[in-house]
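1. need a 3D model of the following:
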Amino acid sequence: MRVYSCILMFACMFLAFPQQQKIYFDTQIAKHLKAYRAKSEVAIQNGDNIYAGFLFDSIFNNYLKHSYIRDISLSKVKGGSLKTSTLDKPFLLITKSSWEQINLEEINEINRMSKLYKDQIDIIILFWDSKTKAKALSKNYNSNVIITYVDERKNNSNYIIATFKHSFGAPACFYISEEKQLVRIDKKFTIVKDENRSEVAFNVIHEKIKWMLFKEEPNSEGLIISTVN
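-> Numbers count the residues shown, from 1 in each chain. The predicted structure follows:
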């Protein structure tokens, strides 16, 4: 009798305190992106970059941070497909467009980081273009970087994937935890070449990736902390 009482008690507790409903990135984008864009465009037209930055921080922290990413199926340039649900590590999804100028400094740094953190993260490059163009551009990346593409002209891309392009464009970088939750977004993921420097000393992309990967600040051991609190 006591066993049945315990089972009944736990059942009542479960009903009284239901599991928190998951909030998804694409749902939040559909609800809040239009208002964000309208305000952001006005701020940019007025030259108010500070307020534009505030608006981005606001939409991210209030609506997008820690939202869940639904399963995405991406075509790989080497053939086959990649389902993000099969990834058991955190991953960076870096969106690119083929018409961007090739930046070898950026690519070299991504290659280096993919080796350095090979056992801790996956790095995925997503080109918004045809397989032919994506494959040509993929030659500069090493085998640790997963190169994928979406050819929207064929109109067969999943709307979940399209959310990543139509929200913050390209290039952009999304850091997604092993729990498939969005941790950070860098909506202008690109290297800024400093013409005043005579030597390549401080690598901007390395710092950007470290900012994306580490919970607060890079620690001395170089371990990635992606646990969502």
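2. below-threshold pLDDT in this structure: ranges please.
-> Flagging of the chain using pLDDT under 70 yields the residue ranges 1-20, 154-158, 190-229.
3. would you mind splitting it into its domains for me?
-> Taking automatic domain parsing as the criterion, the chain consists of the domains 18-68, 70-229.
4. off-centre distance for the shortest one?
-> Read it as domain 18-68. 15 Å (C-alpha atoms, centre = their mean, to the nearest Å).
5. also the last one?
-> A distance of 7 Å separates the C-alpha centroid of domain 70-229 from that of its chain, computed with C-alpha atoms, centre = their mean.
6. which of the three states applies to Gly79?
-> coil (DSSP: H, G, I helix; E, B strand; the rest coil).
7. what do you get for the one 3 residues further on?
-> Classification of Leu82 by three-state DSSP places it in strand.
8. over to Ser167?
-> Look at Ser167: counting by three-state DSSP, its state is helix.
9. could you do Leu182 as well?
-> Assigned with three-state DSSP, Leu182 falls in the strand class.
10. so it touches Phe168, yeah?
-> No: counting by C-beta atoms under 8 Å, Leu182 sits too far from Phe168 to count as a contact (11.6 Å). Where you see a C-beta, it was placed from the backbone N, CA and C, and this is true even at glycine.
11. before we move on, back to that, most tightly packed of the domains of the chain?
-> Greatest average neighbour count among the domains of the chain goes to domain 70-229 (a mean of 16), per mean count of other C-beta atoms under 10 Å.
12. centre-most residue in this structure?
-> Phe174 (1.3 Å; C-alpha atoms, centre = their mean).
13. if the nearest residue to that one once chain neighbours are set aside is in a bridge, with which residues?
-> Among residues not flanking Phe174 along the chain, Leu93 sits closest, at 4.5 Å (C-beta to C-beta, 6 or more residues apart in numbering). Bridge pairing for Leu93 (DSSP bridges) gives the partners Ile124, Phe174.
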